[in-house]
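Participant: compute the structure for the input listed below.
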Amino acid sequence: MKKVSLAILTIVILGSCGKKEEKVSMEILLDAPSDIKDMKFEEVTDGQEKNIEVNQNDEEYASLIENPFELTKNQPVSTFSIDVDNASYSNIRRMINESQAVDKNAVRIEEMVNYFKYNYPQPQNNDPFSINTEYSDSPWNPQHKLLKIGLQGKNVPMNNLPPSNIVFLIDTSGSMADENKLPLLKQSLKILLNQLRPQDKVGIVAYAGSAGVILPSTSASEKSEILEAFSKLEAGGSTAGGEGIELAYTLAKENFIKGGNNRVILATDGDFNVGTSSVAHLETLIEEKRKSGIFLTCLGYGMGNYKDDKMETLADKGNGNYAYIDNLQEAGKFLGKEFAGSIYTIAKDVKVQIEFNPKYVKSYRLIGYENRKLRNEDFENDKIDAGELGSGHTVTALYEIIPANINSEFLPKEQKLKYSKTADQNKMASGDELATVKFRYKKPDGDKSAEISQIVRNSGSGISSASPDFKFATSVAWFGLVLRDSKLINKKGLNEIETLAKQGEGDAEGYRSEFIKLVQKYKSIKK
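Facilitator: Next up, the predicted model:
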């Protein structure tokens, strides 16, 4: 069980009759669930009863600062880690569908864009992914351009995938009792279990107050035994997340499959409050654990007390990925239809570095990826951690570009520097090259990175003739910029976003149509 805030305690104990009774009341409430919402308390003052309503929302999101425009002649190179997470989109969807205000720090634009698959070709030769670029107009700043960079991970057939050693690390603390937490979690993991083969192994660790092994490593063919272990899980107690992580990695290491897929799957609301619990301490813990060669998948559940900041940190620093499961349909998408991409890594520590040609690019900025940016010197440093790419995964990034012949209101102010180079950099630029994109990656069990690159030509067309994928990805990013209340866009019309999204509609699964309905729902809320 978890603590409630002192403000609630003060309201409840007003009018208590004596010192001893006050103390008892306080101790009882300190053990109340932390996800109390819309509760009513009775305050007794001078013999009069009065109802007091308390609405507590204790969700936590890491603060994000929007990427600024950079002057190409001062900083022509941009470097970042890929991000295959999609938790932000399903979390925002939950907020909008429940007519809640959207916390702008919950909006990670790259995760919104990467929630959707795009029609990129399969890689050729032995490369783990193909590189795909497209250059066209920006709809929110019409004088600007957008460069879309897309990766397509190689589809590895299930029968060619290595055997798995999976440890489920399940939060069974008191805050997980809600229907959209532990009950939904159990249903979700059954979907994943149905994807596993006899050569795959499953173990279960649960934590609440203290951590324990619920099921030792067991062949996935023993489905009834695994399901029985799931069925016995019940919510109650405080949350010893750090201790649970230690035990789960120990179990995974004891059953490590050399050359296999070794992974811990953490399912929780992220509300750790016993032992190692701060974001900084969890980051240190998980950075140490990733050295074991064991990957991490984080599944987030619930609302009210949801700790997105902790979940994202764990996935980012633990060679992992992160999804927010708000309903059984989302569980079916991430753990069923996209199982291979979610669970099997084909390339790790994937970094992107792009060098812009000042002949054509006056200024640029990366849309999203605020907490995935790297120093330029980190690109060739194999000790620097970056994102993982799964089988069949697509990853998309957008750069907004101010062309060389445009004087935009968003251009950064130039500083007059005494010792800077005065040579005309444009004379050094080559041909029709807009930019050069480079990628570094390692094999899942490798320590040394390989590099591939591609040149982007300055041959963009108007957005009317852009691909459906370009239009749709751009509409999703545009919606994210509006939700974040971006100060770097001129046009914020939801009708225009909807129109552009419809020009890119048409995926068989219906996820793009669902996005259009989400924009429409948001419009109705804002009226």
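Participant: who's in contact with the residue minimising distance to the centre of the chain?
Facilitator: Of all residues in the chain, the one closest to the mean position by CA atoms, centre = their mean is Asp85, 3.6 Å from it. Applying CB atoms under 8 Å, 6 or more residues apart in numbering to Asp85 gives the contacts 108, 111, 114, 312, 315, 321-323. For glycine as for every other residue, the C-beta is placed from the backbone atoms N, C-alpha and C.
Participant: try it again at 7 Å.
Facilitator: For Asp85, the residues meeting the contact criterion (CB atoms under 7 Å, 6 or more residues apart in numbering) are 111, 315, 321-322.
Participant: kindly report the same for Ile257.
Facilitator: Residues touching Ile257, when contacts are defined by CB under 7 Å, 6+ apart, comprise 163, 165.
Participant: gap between it and Ser164?
Facilitator: In this structure, Ile257 and Ser164 are separated by 8 Å, where distance is defined by CB to CB, to the nearest Å.
Participant: quick revisit: helix, strand or coil for the residue nearest to the residue nearest to the centre of the chain when sequence neighbours are not counted?
Facilitator: Nearest residue to Asp85, sequence neighbours excluded (CB to CB, 6 or more residues apart in numbering): Tyr322, at 4.3 Å. Here Tyr322 takes the strand state, with states given by DSSP: H, G, I helix; E, B strand; the rest coil.
Participant: do Asn132 as well
Facilitator: Local secondary structure at Asn132 is given as strand here, using three-state DSSP.
Participant: try Thr499
Facilitator: In the three-state summary, Thr499 is assigned as helix, counting by three-state DSSP.
Participant: tell me, how many residues neighbour it?
Facilitator: 15 (other CB atoms under 10 Å).
Participant: so how far is Gln122 from the residue lying closest to Gln124 once chain neighbours are set aside?
Facilitator: Beyond its immediate neighbours in the sequence, the residue positioned closest to Gln124 (CB to CB, 6+ apart) is Ser130, lying 7.1 Å away. Between Ser130 and Gln122 the distance is 6 Å, computed by CB to CB.
Participant: ditto for Ser475
Facilitator: To Gln122, Ser475 is 26 Å away according to CB to CB.
Participant: could I get the full set of helices for the stretch 351-500 of the chain?
Facilitator: All helices of the stretch 351-500 of the chain, identified by DSSP state H, counting those that start in this stretch, fall at 468-483, 494-502.
Participant: ranking the ones you listed by mean neighbour count, which comes first?
Facilitator: With neighbours defined as mean count of other CB atoms under 10 Å, these peak in mean count at helix 468-483, which reaches a mean of 24.
Participant: which strands and helices sit next to it?
Facilitator: Counting contacts by 3 or more CB pairs under 7 Å, 6 or more residues apart in numbering; DSSP states H and E, helix 468-483 is packed against helix 109-113, strand 145-153, strand 394-403, helix 494-502, helix 511-526.
Participant: make a markdown table out of these and add distance to Gln75 and mean pLDDT.
Facilitator: Rendered in a markdown table, the data for the helices and strands packed on helix 468-483 read as follows (distance: least, CB to CB, whole Å; pLDDT from 0 to 100):
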| stretch | distance to Gln75 | mean pLDDT |
| --- | --- | --- |
| helix 109-113 | 20 | 98 |
| strand 145-153 | 16 | 98 |
| strand 394-403 | 13 | 98 |
| helix 494-502 | 30 | 98 |
| helix 511-526 | 34 | 96 |
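Participant: that's all I had, so thanks and see you.
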